[in-house]
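S.K.: Pasting the sequence and the predicted coordinates here, then a few questions.
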Amino acid sequence: MSVVAQELPSFEEQTAEDVLGWALGEFHPRIGISASFQAESMVIIDLATKIRPDVRIFTLDTGRLPQETHELIDQVRHRYDIKIDVHVPDTARVQAMVRQHGMNLFTRHQTLRMLCCHIRKVEPLRRALEGLDAWVAGLRREHAANRAGTPKVMIDNEHGGIVKINPLADWTRDQVWDYIRTNKVPYNALYDRGYTSIGCEPCTRATAPGEDERAGRWWWEESGGLKECGLHEQMPHERFDQELEWIDETTK
């Protein structure tokens, strides 16, 4: 790989377009855009397809996404004339988890919620990143306190030391929506109903004015807790290691 960790800070002064242009030129075709189809993903898709129309785009379908997200995915396919790779959880592992803990296990305890996120999101992401040298995500520093230090380009040690690009790291929410409106970029209809962050249907609600953008995620959990699923920040696996071991044994 031609990029080393010492060089990464130099990207902090670059625009989102410059960072994406560099990344797509440096790593194509072994780079993928991870699309959650939230507002940030839509900005990145719009920017990236202008630079490289054949860019690889993938998404994680957990099996619990809102219908509005599926509708947007179809809209994006036609609008940009692109293919989208869809990665889903391992069926046997989901069945084992649900058989043991029920369909809505995530509401009972944070540990079970982390387990559900791990099976439905983290494991499919690992498969999606296989064979890639870099991936692009829509993280912004303004999202939450634990994302305040997000660099625009970084080494992702959680996924084998590949490069992770966060071109919108320094964008504000207003900048994201200004871009969407100016460029007539399609977006998830749930935003018009008060949602500020969109994940799985049962784990996301609309937020009230003044609430943190991610306050609608897993809102039943203790206030001030980490609003993460494990895709971008390592979760304490030891809390559900025994559950994973049981699932491993069950699905051999």
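M.R.: Noted; the coordinates are in hand.

S.K.: Let me know how buried S41 is, in neighbour terms.
M.R.: If you count neighbours by other C-beta atoms under 10 Å, S41 ends up with 24. Every C-beta, even on glycine, is put in place using the N, C-alpha and C of the backbone.

S.K.: what do you get for T111?
M.R.: The burial count for T111: 16, using other C-beta under 10 Å.

S.K.: same thing with M114?
M.R.: Count around M114 with other C-beta under 10 Å applied: 23.

S.K.: So it versus V153, what's the distance?
M.R.: M114 is 28 Å from V153, where distance means C-beta to C-beta, to the nearest Å.

S.K.: hey, where'd the helices end up in this protein?
M.R.: 16-27, 39-51, 67-80, 91-101, 110-117, 123-129, 173-182, 241-250 (DSSP state H).

S.K.: list the buried ones in the last one?
M.R.: Buried residues in helix 241-250, counted by 16 or more other C-beta atoms under 10 Å: 243-244, 247.

S.K.: Put together CSV for those, with distance to V122 and pLDDT on each row.
M.R.: Shown next, in CSV, are the buried residues of helix 241-250 (distance: C-beta to C-beta, whole Å; pLDDT from 0 to 100):
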residue, distance to V122, pLDDT
E243, 13, 81
L244, 11, 80
I247, 13, 85
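
S.K.: any chance you could map the strands in the stretch 151-252 of the chain?
M.R.: Under the criterion DSSP state E, counting those that start in this stretch, the stretch 151-252 of the chain contains strands at 153-156, 162-165.

S.K.: which one of the ones you listed is the most hemmed in?
M.R.: Ranked by mean neighbour count, those are led by strand 162-165 with a mean of 24 (mean count of other C-beta atoms under 10 Å).

S.K.: tell me what that strand is packed against?
M.R.: helix 16-27, strand 134-136, strand 153-156 (3 or more C-beta pairs under 8 Å, 6 or more residues apart in numbering; DSSP states H and E).

S.K.: Ok, which of the ones you listed comes nearest L65?
M.R.: For these, the distance to L65 is smallest for strand 134-136, at 19.9 Å, taking C-beta to C-beta.

S.K.: Thanks again, I'm all set now.
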